[in-house]
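Asker: fold the following, please.
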Amino acid sequence: MIANQTPADEYREIAGRFTQLVEAVPDDATWSRRSPVPEWTARDVVGHLIEWFPGFLAGGAGVTLPQGPSVDEDPVSAWRTMSDGVQAVLDDPASADKKLVDRHIGEVALPMAIAQFFTNDVFMHTWDLARATGQDETLDSQRCAALLEQMQPLDDVLRSSGQYGPKVDVPDDADAQMRMLAFIGRNPL
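Answerer: The predicted model follows:
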């Protein structure tokens, strides 16, 4: 998280950018394009975010997000419905006192759990969706550097989770975005 930014503000910014990309996808053929994630299309990138997070919140914090249409039916509405629900949770002052409990991470304040696990996932997948759909792939370099710094000490844990591919070699003078993407197993070149 960037200094002086609440989890709600951070999500609003990151999800706002992702929403712009989702809404700019022109047609079904573009939704079917391959993404940088092996075996995923652009539609699958959105589907991934919509599929895993509601269960994580419900199981860990008893929070139920609104459910929209399926990603196959309407990826834009599916994303907007869920994302608006996440924003509503973060904007609700009562959420600050709630905890998310998970056997892997223990007990974490709900807003921080959303920031650490979902907001960061949306941020990383923003590049995947942009690349798959031919849109601007530029990510915030400060956020890329901060995220990379957070992930590097957890290299073995992250790799063993199966959520990240093998690191990709990039030039020594690569910028923060390239280094972060290479760390999570994307080929940013």
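
Asker: max-length helix in this structure?
Answerer: helix 42-61 (DSSP state H).

Asker: elements contacting that helix?
Answerer: helix 28-31, helix 75-91, strand 99-102, helix 110-113, helix 120-133 (3 or more CB pairs under 8 Å, 6 or more residues apart in numbering; DSSP states H and E). For the C-beta atoms, the positions are set from N, CA and C on the backbone; glycine is no exception.

Asker: got the buried residues for it?
Answerer: Applying a neighbour-count criterion of 16 or more other CB atoms under 10 Å, one finds 42-50, 53-54, 56-57, 60-61 buried in helix 42-61.

Asker: how about stretch 181-189?
Answerer: Quick answer for stretch 181-189 (16+ other CB under 10 Å): 181-186, 188.

Asker: stretch 78-87 now?
Answerer: 78-83, 85-87.

Asker: OK, contacts around Thr119?
Answerer: Thr119 sits next to 1, 7, 10-11, 14-15 when contact means CB atoms under 8 Å, 6 or more residues apart in numbering.

Asker: now do the contacts for the residue nearest to it when sequence neighbours are not counted.
Answerer: Leaving aside its chain neighbours, Thr119 sits nearest to Tyr11 (5.0 Å; criterion: CB to CB, 6 or more residues apart in numbering). Residues near Tyr11 by CB under 8 Å, 6+ apart: 86-87, 90, 114-115, 118-119, 122.
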